[in-house]
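1. Prediction below, plus the sequence it came from.
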Amino acid sequence: MQQPLEEAHKFRLWKEKITGNGLKINRIDELYSRHKPNGELLFSLLYTDAVTPEGHRIPPICFLKGEVVCVLVCLVDAQSGSKYMLLVRQRRICDGSLNYEHPAGMLDSERDPAEVARREVAEETGLHIRLEDLVPVTPHPLYPTTGTSDEAIYLYYCELMLPPETIRSLHNNATGETSDNEHITTHVVPFAEGHKLITNSNNLLLNFLYARDTEDWDLLKSL
């Protein structure tokens, strides 16, 4: 049974945020929704008639996606100290090309972003990390598309020191949930080269925030 829009956690969360910030909602039309196999709402396209506290109407279309996580996985060669990115490669609807990205996923109805981040890394890369390995780079989620979506991203990184043979073993493995049309291949690449492969702006921001937080100024200069 498909979950009604009004009962979905991400819908209630979004509605609480916008009304809490003073918007008056006159009308919400559900134009299209997609659900997970268990019936839970995955995302929805909404038409909204909402008025700001200043009396202005805002653009009416909202792509309801909810909260998501994104994790930069930095693999450090235990022998040389060289840093590598563990990326996922898959085709994306933005332009149909093969995209290189950090592991990421949606929270749906879950409340613990770090736990979701840990699970997504395992599902998309085969690498099992601990919760204590995850470091948040901002104290709150960021909104990448404020004009058209409620999407809020929790950004994390983890830095793992591994033998070179273990790092090599994480390259070019098929992963992902094919039932969700995820056809993913892992890609291990030197950090600076990985940065050049990425076209996702959130991922690029995460790279800079990681270099800043770890005070790796040489790495920052190479980005």
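-> Done, it's in.
2. does the closest residue in space to Gly147 that isn't next to it in sequence sit in a helix or strand, and which one?
-> The shortest distance from Gly147 to any non-neighbouring residue, by C-beta to C-beta, 6 or more residues apart in numbering, is to Pro59 (6.2 Å). (C-beta placed from N, C-alpha, C; glycine too.) Pro59 belongs to no helix or strand when assigned by DSSP states H and E.
3. just checking, Pro59 touches Ser149?
-> No - at 11.1 Å, Pro59 and Ser149 do not qualify as touching, with contact defined as C-beta atoms under 8 Å.
4. Would you state the helices of this protein in chain order?
-> Here the chain has its helices, by DSSP state H, at 9-20, 113-125, 164-169, 191-197, 201-213, 217-222.
5. buried set for the first one?
-> Pointing back at helix 9-20 there. Neighbour-count burial for helix 9-20, counted by 16 or more other C-beta atoms under 10 Å, picks out His9, Lys10, Phe11, Leu13, Trp14, Lys15, Ile18.
6. Nearest to Val137 among these?
-> Nearest to Val137 out of the buried residues of helix 9-20 is Leu13 (C-beta to C-beta; 21.9 Å).
7. And that closest one, how far from Gly194?
-> Relative to Gly194, Leu13 is positioned 33 Å away (C-beta to C-beta, to the nearest Å).
8. quick one: low-confidence ranges for the chain?
-> 177-181 (pLDDT under 70).
9. So which residues of it form strands?
-> 24-35, 41-51, 61-64, 67-77, 83-91, 98-101, 104-106, 135-136, 152-162, 174-175, 184-190 (DSSP state E).
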